[in-house]
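**Student:** Output the structure for:
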Amino acid sequence: MKSLVIKFAQPLPLLLLLLLLPPKLQGNYWDYREYELDPEFYDLLREYESTGPTKPPTVKRIIEMITVGDQPLHEDNYCNTELKIKQIHYKGRCYKEHYIAGVPYGELTKACHGKRVKCKNGVKFCRRSMHLIEGVRCVLEEGQRMSNCTYKTILMTGYPVVTCQWDEEIKDFIPNHIYNMSLPK
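**Tutor:** Numbers count the residues shown, from 1 in each chain. Next up is the predicted model:
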């Protein structure tokens, strides 16, 4: 009778690590109830660990991601600073392109009632605002992970092309992502 032997590349360090962990740390280490993690931090950890779709962002997070921050849009380093401060990324990876509107969110919501237009990147449909706004296009120059992203800041004036989602609280559509800023003709 042959015995089944499972080989690991370096079993001893892994075994020692597991044996040295206190009983409370074995199992699901990131159980926020057990360790009283901040719920937002727990959501961030879950996003990094997951392989499936991410949890939809809150309205507060959407506003933070697509509207202007504290510094003026005209700064050359605007995208590098704002995207790091606001932690704008997808599971720790840099966005290749990101748009930020230079108007208050309430003004941007009008775009959800604009003209229906074709989208890019496989998105089914978008809405284009009927109003010109100033904004910033952040284009990735180098880097792959969030801490190493370097963006080029391009100041633009155009019609924001957005996707919208239903907001149950206000019973209306709200923009959740800016896909483009089409230039005036």
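**Student:** pLDDT weak spots in the protein?
**Tutor:** Counting by pLDDT under 70, the chain shows low-confidence ranges at 1-56, 185.
**Student:** Show me how the protein divides into domains.
**Tutor:** The chain is divided into the following domains under automatic domain parsing: 28-56, 58-182.
**Student:** Switch those over to a markdown table; also include mean neighbour count.
**Tutor:** The way it works is simple: take the backbone N, C-alpha and C, and place the C-beta from them, glycine included. Listed next are these as a markdown table, based on neighbours: other C-beta atoms under 10 Å:
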| stretch | mean neighbour count |
| --- | --- |
| domain 28-56 | 11 |
| domain 58-182 | 16 |
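**Student:** Strands along this protein, start to end?
**Tutor:** 97-101, 115-117, 126-128, 133-142, 150-167, 172-182 (DSSP state E).
**Student:** Quick check: which of those strands is nearest to residue 84?
**Tutor:** strand 150-167 (9.5 Å; C-beta to C-beta).
**Student:** That closest one pairs with which strands, and in what direction?
**Tutor:** When pairing is defined by DSSP bridges, strand 150-167 lines up against strand 126-128 (antiparallel), strand 133-142 (antiparallel), strand 172-182 (antiparallel).
**Student:** Take the ones you listed and write them to JSON lines, including distance to residue 151.
**Tutor:** Shown next, in JSON lines, are these (distance: least, C-beta to C-beta, whole Å):
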{"stretch": "strand 126-128", "distance to residue 151": "23"}
{"stretch": "strand 133-142", "distance to residue 151": "4"}
{"stretch": "strand 172-182", "distance to residue 151": "15"}
